[in-house]
Structure formats: structure tokens, C-alpha cells
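Participant: Output the structure for:
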Amino acid sequence: MEPQPLPPDFTTTPITPPSHSMPKKVLKWLIFLAVGLFAASAYLFFFGEASFSERGVKLEISGPTQAAVGDEVVYKVMYENTTSVPLNDVKLTFSYPPGAVIFDEGRPRPSRSDDPASFNQTTEFAAIQPGEKKEEEFHMFLVGDRGNIKTAKVKLEFNAGDLRSRFEKTAEAATTITEVPVSLTMSAPPNAVSGDTISYVLDYRNQSDDTISDLRAVFAYPEGFTPKTFSPSPAQGLTWNLKPLKKADGGRITITGTINGREGESKQITMTLQRGIDGTFVDYERASALTVISSPLLNVSLKVNESADYVAHPGDTLQYAVDYRNASNVSLGGLKLSVRLEGDMYEYGSLDPKGGLFDAGTRTITWDAAALPNLSLLRPNQTGRTLFTLNLKPALTGSGARSLFVRAVAQLSTDQVPSGIDSEEIKVQNELVTKITTQPTFDQKLYYNDAAFGSTGPMPPKVGQETVFTVRWRIANPGNPLANAKITATLPTGVTWKNVIGVGAGLNQPTYNKNSSQITWDLGSIPQGVGISSDKYELAFQVSVKPAANQIGNEILLLRSISLSGTDSFTEQSIIVNAGDLTTSNTVDQPGNGIVQ
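Facilitator: Reported below is the predicted structural model:
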């Protein structure tokens with residue numbers, strides 16, 4: 001039977017044999033995945049750090065949310081290693097709240113509020129092992145006022161296993177001061193003009209139910225404040241000892257003085273109430289008040305020898321210039337200008353007040369409109385100047401501190417106050433303190449036949465024979481302490497250092513440098529009053545010469561380039577006192593007899 005033909009619209013699809021390419025690709029990826037998993041497993045097996053997570057290191061700090069001043073506060077710190085690797089080179093730093101009184105082994109540490117680093121406590125140890133947990137406690141008093149929030153912080157630094165990175169965790173806890181046993185109120189004028197007299201008043205009261213004893217108030221004055229009167233008087237310096245305070249007991253401390261400063265400058269007075277605990281006074285509470293130096297209606301300033309920083313010497317002539325100005329926007333009349341002089345070193349008999357009137361009783365020079373016409377009416381921004389001169393005494397009057405400086409206090413004032421100004425008087429003050437530097441006296445003498453060392457060799461000196469001389473140096477310091485003081489001198493060629501020395505008790509021995517032929521006597525610090533209220537500093541040493549034939553008929557130079565140097569500790573000026581050269585003819589006991597024979 002013959003095959004039948006297909007219909008014209010009928011098509012056939014050839015049958016293709018099954019392909020094996022797809023199973024090969026799947027197999028290849030399965031092999032790669034298996035190798036990767038094997039490598040990761042091997043890394044985890046041999047290097048466990050992949051299991052370290054910083055979240056596995058726990059650090060917590062806990063403490064009271066509220067506390068009263070005077071209560072002992074305890075913060076607890078917990079740190080734990082829940083990872084599978086050790087934590088190495090561990091450093092734990094606990095930061096106490098600022099101003100806290102820290103307890104060490106149950107005893108308070110003396111207050112060091114001026115040193116922020118003292119409020120950090122650091123502990124270091126080698127490692128925290130996996131699963132290890134530690135706890136520490138930190139004891140303290142909190143110092144502050146009601147409502148203050150005090151925050152303690154802790155930081156944990158460490159390395160994990162062999163990882164190179166350094167890790168750090170932190171935590172903190174805050175405590176609010178809710179009660180203060182002693183209420184403190186410090187009052188001060190909010191504004192003052194430079195030169196004003198102001199009062200600081202501290203009121204304190206025990207508002208607890210218990211008697212509080214061993215209290216003292218320690219004040220810190222602002223720069224530019226000069227106290228004049230106290231009520232009551234301090235026990236010493238800036239410290240007032242307070243009587244035991246029963247419930248509701250209190251008291252007041254008043255300090256009155258003058259304030260000076262630049263316009264806009266803030267002046268803060270601070271009082272720290274301290275309490276004795278186990279024989280140590282620690283900070284208990286604090287109070288402070290602020291005064292801003294306001295713009296004055298008048299200005300007055302002083303210069304001496306055209307400088308505000310002139311350093312004077314005994315015997316100097318001082319020319320003072322007093323400059324004044326109306327700094328207001330209204331004219332001011334009836335002005336009076338005065339300068340009060342303070343200091344034992346003023347030679348008051350030499351004063352030339354340049355038209356002013358000098359009151360010897362109060363040591364005050366006064367100028368009015370008769371002497372300075374513009375004082376009758378000083379217009380806005382109008383200025384004026386007056387001069388006066390006087391001398392300093394030629395030498396210090398003694399070893400007291402008042403001999404180290406002089407002070408001039410200028411005041412410009414009027415009681416003709418324009419309307420709109422709430423004051424009975426307008427006045428401004430300024431002062432100028434002039435330091436006095438004094439050179440110590442340096443005395444040197446040369447002896448042939450010294451009382452202590454005797455004489456050796458011919459005098460006059462003879463060719464080929466050795467003659468020995470004794471040099472004596474004496475120092476007196478009536479003025480300011482001298483720091484880094486030393487005397488140096490040089491031996492000329494042909495002069496021999498004998499190394500025979502006599503020096504005052506407690507003083508350094510001189511040294512001799514053979515290479516430079518220089519003698520150096522290092523004195524360190526020379527106190528004020530040496531040679532006046534105490535013994536002089538004294539050194540004796542010997543040198544010798546053996547004249548040569550070419551020196552016949554001449555005197556021989558024994559010592560040259562002699563000087564005393566140092567720094568005035570008060571004025572910070574460099575001091576150099578030079579002494580003359582010494583020759584064989586300069587002996588005290590045989591003057592002029594040093595010509596070589």
C-alpha cells in the first residue's frame with residue numbers, strides 16, 4: 001500500500017536527542033559551593049575570631065538618680081565578656097562627676113577641683129577571659145546646688161583576641177542633687193564701674209534636722225578685687241571658720257573692697273563651703289556671684305615716665321601723667337581730680353604737684369578748676385592731662401615688702417549729677433603699681449697678707465718667685481630676691497688658680513674651668529635681706545703669679561671680666577653688677593706696692 005501524502009498545511013518538528021549540557025553546569029556550581037563551605041568551616045575551626053562580636057562585651061553603670069549633698073553616693077560598674085575570645089590589654093576609666101569628693105579606701109581625698117585629671121580613675125589589667133564578669137564600686141560625695149545634675153562616666157578599652165583593632169565601650173549615669181543641708185546665698189552687685197567700692201555678702205543657714213560642725217568658708221576673689229574690710233574677720237587669709245550650726249542656725253559674711261577691670265569684663269567671686277571629715281577638709285557646697293564691669297561715665301588713667309609698666313630703681317625721678325576723659329554723652333561740671341600716694345620709697349619732700357595741692361597727712365594731691373580749668377565743665381569725650389613728679393629714695397628703707405613697690409591711686413569725681421542718673425556722685429578710680437628693682441651690692445677686695453690665709457712670697461712681686469694673693473667677694477641684697485645668681489671672673493694668662501677656698505656656711509663651692517680659665521660661683525637664689533637682716537654671702541680664694549723678666553716695672557693683672565648676674569624675682573628684670581679688674585697694686589693691705597721688681 002502506497003503512503004498517503006500529507007495535507008498541504010501540516011508541518012512536522014524533528015525530534016532532537018536529549019542534551020547533557022545542563023546537568024554539567026549544575027554540577028560545576030555545586031562543586032564550587034562545597035569548596036567555599038569547606039574553606040569557611042576550616043577558617044572558623046582554626047580562627048575563632050570570626051565568632052567575636054562587640055555586642056558580646058557588656059558594660060553597665062548604675063547609681064542613685066537622686067541624692068543630697070553630704071550623702072555618700074556609690075556608683076557600681078559591671079563589665080562582662082560573653083564572647084568566646086579573651087579581651088586583652090584592658091583599661092577601665094571611671095570619670096567622677098566634676099567637683100565630687102572622692103573616697104579612697106574609705107577616706108576622703110583632699111579637694112583638687114582645679115585639676116580635672118584628678119577626677120579620673122584608671123584601672124589596667126591583662127585580660128578578661130571568655131565568660132568572666134567583674135564589678136567595681138566608686139564612692140564619693142557630690143558637690144553642687146539643688147537641681148544640679150551630676151554625671152558619672154565609664155569607658156572600657158580593650159583588644160579582642162588577635163584582632164588588631166582597639167575596641168571601646170562607654171556608659172554613663174546621672175544623679176540629680178535634690179537637697180543641700182546648708183543653704184548658701186552669695187550676693188554681689190550685678191554691675192560696677194572700675195574703681196567702685198562694692199560688697200560681697202554670703203548668707204548661710206542649716207536647713208537640715210542635724211547639727212553640722214567642722215565647717216569653713218573659703219573664698220576666691222576675682223582678679224582686680226582688693227578687700228578693705230571684713231565682717232566678721234577671717235581666721236586666716238581667705239578662710240572663715242564657722243561655728244557649729246544647729247537646725248535653722250545661720251550667719252552672714254560681708255567683704256567690702258574695690259573692684260577694677262576693663263569694660264565688659266566679668267568678675268566672679270566663688271565661695272567653697274568645706275567640711276572636716278576624718279581630719280581632712282573636703283569640698284561640701286559652692287556658691288558664686290558675678291559682677292560685670294560697666295561703662296563708666298568718667299575715665300582716669302596713670303602712667304609713670306610714659307609707661308604703665310615702668311620698673312623703677314632707687315633714686316629714680318618719677319614723672320606721673322594723669323589722663324582723664326568725660327566718657328558720657330552729657331557735659332559734667334564741678335569735677336575734682338586727686339591722686340593718693342602709697343609707699344615707703346617715695347621721697348615726699350621732692351614732690352612737685354604742678355599746680356595741685358598736696359595734703360601731707362593723707363599724702364594726696366588734689367586739683368580743682370582753679371588748677372585745671374576744664375574741670376569746671378568737661379564736655380562729652382573731652383580729655384585732659386596733668387603731670388607731677390617726685391623722686392624715689394636712693395636706697396631701700398628696709399627689707400619689708402612695702403619697699404618693693406609704690407602705688408598711685410587716681411580718682412575723678414563730681415557731685416553735680418545730671419538728671420536721669422540714679423546716683424549722688426559720679427566717680428571713677430584707677431591705680432598704678434610701680435615695681436622697684438634693686439641691684440645687690442657686690443664688694444671685692446684683694447689682700448697680700450690675708451687675716452685667714454696669711455702671706456706667701458715676696459711683695460712687691462719679684463721675677464721668678466711666686467707671690468700668692470687672696471681675693472674676697474662679699475654680696476649683700478637689700479632688695480628683691482635674686483634668682484639664678486652667679487659671679488664669674490677670668491684669670492689672665494700667667495695667673496694660677498691655687499684651689500684654696502673659704503666659703504660661707506651653706507653656700508656652693510666655686511668651680512674653675514682650666515680650659516677657659518673662668519671662675520664661676522653659682523649662688524642659686526639670693527633672698528631679700530642678705531647682708532641686711534642676715535649675714536652676707538662671702539667667698540675667699542687664692543691666686544698666684546710668678547713674674548717674668550719682661551714684666552719688670554709693671555703691675556700684673558690678676559682678675560678680669562668680673563660680674564654678678566641674676567634675675568630680679570619680683571620685677572623679672574635681668575640684673576648685672578660689674579666689678580673692676582684687680583691687679584697686684586690693688587691690695588687693701590699694701591696698695592700701690594704691686595710693681596714687679
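Participant: State the distance from D283 to I556.
Facilitator: D283 is 70 Å from I556, where distance means Cβ to Cβ, to the nearest Å. C-beta: built from backbone N, CA, C; applies to glycine.
Participant: same check, this time on V409
Facilitator: From V409 across to I556, the span is 58 Å (Cβ to Cβ).
Participant: more neighbours, these two?
Facilitator: Neighbours were counted for V409 and for I556 using other Cβ atoms under 10 Å; I556 has more, 22 against 18.
Participant: Is that one in contact with L582, as I believe?
Facilitator: No - applying Cβ atoms under 8 Å, one finds I556 not in contact with L582, separated by 10.0 Å.
Participant: so what pLDDT did Q4 get?
Facilitator: pLDDT, Q4: 51.
Participant: So S95 versus E135, what's the distance?
Facilitator: Taken as Cβ to Cβ, the span from S95 to E135 is 18 Å.
Participant: more neighbours, those two?
Facilitator: Shown here are S95 and E135; by other Cβ under 10 Å, S95 has more neighbours (19 against 10).
Participant: Quick check: phi and psi at G594.
Facilitator: Dihedral angles of G594 (phi, psi; degrees, to the nearest 10) stand at phi -100, psi 20.
Participant: Tell me which residues touch it, please.
Facilitator: M459, P460, P461, E555, I556, T583, T584, S585, N586, T587 (Cβ atoms under 8 Å, 6 or more residues apart in numbering).
Participant: so which strand or helix has A217?
Facilitator: For A217, the element it lies in under DSSP states H and E is strand 215-220.
Participant: pLDDT on that strand, on average?
Facilitator: 94.
Participant: Report the next helix or strand after that strand in sequence order.
Facilitator: Sequence-wise, the next helix or strand downstream of strand 215-220 (DSSP H and E) is strand 225-231.
Participant: can I get the CA coordinates of that following strand in PDB?
Facilitator: C-alpha atoms of strand 225-231 as PDB (Å, rounded to 0.1, in the frame of the first residue of the first chain):
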ATOM      1  CA  PHE A 225      39.300  93.000  93.700                       C
ATOM      2  CA  THR A 226      41.100  94.500  96.700                       C
ATOM      3  CA  PRO A 227      39.400  93.700 100.000                       C
ATOM      4  CA  LYS A 228      39.300  96.500 102.600                       C
ATOM      5  CA  THR A 229      37.000  95.400 105.400                       C
ATOM      6  CA  PHE A 230      35.500  92.200 106.700                       C
ATOM      7  CA  SER A 231      32.600  91.300 108.900                       C
END
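Participant: correct me, but V322 touches L372?
Facilitator: No - judged on Cβ under 8 Å, V322 makes no contact with L372 at a distance of 9.7 Å.
Participant: and for these two, which residues touch both?
Facilitator: Contact criterion Cβ under 8 Å, 6+ apart; residues shared by V322 and L372: L337, T386.
Participant: higher neighbour count, those two?
Facilitator: Taking other Cβ under 10 Å, V322 and L372 do not tie; V322 has more neighbours (26 against 21).
Participant: Now L375, what are its backbone angles?
Facilitator: phi -70, psi -20.
Participant: which one is it nearest to, not counting chain neighbours?
Facilitator: Distance criterion Cβ to Cβ, 6 or more residues apart in numbering; nearest residue to L375, sequence neighbours excluded, is L335 at 4.1 Å.
Participant: Let me know whether the one you found touches Q411 as I believe.
Facilitator: No - using Cβ under 8 Å, L335 makes no contact with Q411, being 10.6 Å away.
Participant: Comparing those two, which residue is more hemmed in?
Facilitator: Between L335 and Q411, L335 has the larger neighbour count (other Cβ under 10 Å), namely 25 against 19.
Participant: Secondary structure element holding V73?
Facilitator: Counting by DSSP H and E, V73 is found in strand 72-81.
Participant: How about residues contacting that strand?
Facilitator: 56-64, 67, 87, 92, 94, 103, 128-142, 152, 154, 156, 171, 173, 175.
Participant: Return a ChimeraX selection command for the buried portion of those residues.
Facilitator: The buried subset of the contacts of strand 72-81, as determined by 16 or more other Cβ atoms under 10 Å, is captured in ChimeraX by this line:
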select :56,57,59,61,63,64,67,87,92,94,103,128,130,138,139,140,141,142,152,154,156,171,173,175
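Participant: quick one: which of the contacts of strand 72-81 sit in strands?
Facilitator: 57-62, 67, 87, 92, 94, 103, 128, 133-141, 152, 154, 156, 171, 173, 175 (DSSP state E).
Participant: So for S118, what pLDDT did the model give?
Facilitator: In this model, S118 carries a pLDDT of 67.
Participant: in the stretch 401-550 of the chain, which spans are strands?
Facilitator: Secondary structure of the stretch 401-550 of the chain (DSSP state E, counting those that start in this stretch): strands at 405-414, 426-435, 441-447, 467-476, 482-490, 495-503, 511-513, 518-526, 537-545.
Participant: Now stretch 263-277: buried residues?
Facilitator: The neighbour-count check on stretch 263-277 (16+ other Cβ under 10 Å) flags E265, K267, I269, T270, M271, T272, L273, Q274, R275, I277 as buried.
Participant: cool, stretch 160-174 as well?
Facilitator: By 16+ other Cβ under 10 Å, the buried positions in stretch 160-174 come out as A160, G161, K169, A171, A173.
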